[in-house]
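Enquirer: Got a predicted model here, sequence first, then my questions.
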Amino acid sequence: MTQRISEVEIPDTLFKYRDWSNAYHKRLITNQEIYFARASEFNDPFDSNIPVRWDLMTYEDCLQKNLDMLNIIHKNVDQQLVYQLAKKVTDEKTLWHPDALARERPEQLKKWNSIMGLFSLSSVPDNILMWSHYSSNHQGFVVGFDSKALLSDYEFDFMEPINYQRSYPIISGLEDQSSQFYKKFFFKSELWSYEQEWRITKNHIEKRTVNLKPETITQIIFGCYATRETIEEGIKLIHKHLKNDIRILKAEKTMDTFGLIMKGIE
């Protein structure tokens, strides 16, 4: 079962914007296959790349961290000797020290990139910019997922909305790993707030594709510029590979506002 961190209520449906001309994207329909991307594959260079502020740690902070660590390793050794050892490694910058940890940062980011998988969704199906950016200028499609099923039926790690703000969240080296993880992977610039993103994470990932149960997909929406050929092909694939009661819709431009409305086509 997927875990939660915040108490933000999950929408009933979460959406993935897709490009019909991309054969891999069609596998969402034919194979119910989703892909957990590396952070480096995103179009935002800051995404999941927020630095831990080791520089905020004082000498005393590092000394205490080293002392705690060495007390675990040498739990039966005289405390004065352990303290002297902790002071020595702190002064030599060999364990906990801002300078040493700052040098580890590129390697740590590379490690996160190799073991972490991220699946991005949106809480809305009618965002004009999202259709333009991720669904081939409104010629593609959007897949709607049962969010409760994503939360309860699969062994993902976390499912949370993205927090948008102007500045980096402060990630202190003194924070526990859960807090550091949350701030690193669930915070983005406020410039991306229009995406209304929800994110699912999977750590220590081996295979980056996951096949869902067909019933987890609840609707398919074709873009307002989707061709008749695209829609006809899509309907055939939907009937062949998904549930019979799945909703099939098409986005249409509204008459008097800059907006989209979803209309059933079957």
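Expert: Received it, and whenever you're ready, just let me know what you need.

Enquirer: Could I get the full set of helices for the stretch 1-150 of the chain?
Expert: For the stretch 1-150 of the chain, the helices defined by DSSP state H, counting those that start in this stretch cover 23-30, 59-73, 79-91, 98-115, 128-134, 147-152.

Enquirer: what does the fifth one contact?
Expert: Pointing back at helix 128-134 there. In this structure, residues lying in contact with helix 128-134 by Cβ atoms under 8 Å, 6 or more residues apart in numbering are 17-19, 122, 124, 137-138, 140, 142, 194-195, 223-224, 251, 258-260. No exception for glycine: its C-beta is placed from N, CA and C like everyone else's.

Enquirer: Separate out the buried members of the residues you listed.
Expert: For the contacts of helix 128-134, a burial check counting by 16 or more other Cβ atoms under 10 Å picks out 17-19, 122, 138, 140, 142, 195, 223-224, 251, 260.

Enquirer: Okay, now the unreliable bits of the chain?
Expert: 100-106, 266 (pLDDT under 70).

Enquirer: Can you give the domain ranges for it?
Expert: 13-40+118-264, 54-111 (automatic domain parsing).

Enquirer: Please identify the most buried of the ones you listed.
Expert: With neighbours defined by mean count of other Cβ atoms under 10 Å, none of these is more surrounded on average than domain 13-40+118-264, at a mean of 17.

Enquirer: Work out the gap between it and the centre of the chain.
Expert: Centroid separation for domain 13-40+118-264 versus its chain: 11 Å, with Cα atoms, centre = their mean, to the nearest Å.

Enquirer: First-to-last residue distance for it?
Expert: One end of domain 13-40+118-264 to the other measures 17 Å (Cα to Cα, to the nearest Å).

Enquirer: do the same with stretch 43-62
Expert: Terminal residues of stretch 43-62 are spaced 36 Å apart (Cα to Cα).

Enquirer: Can you tell me, leaving aside adjacent residues, what's nearest to Leu81?
Expert: The shortest distance from Leu81 to any non-neighbouring residue, by Cβ to Cβ, 6 or more residues apart in numbering, is to His74 (7.9 Å).

Enquirer: show me the contacts for that neighbour.
Expert: So His74 contacts 81-82, 85 (Cβ under 8 Å, 6+ apart).
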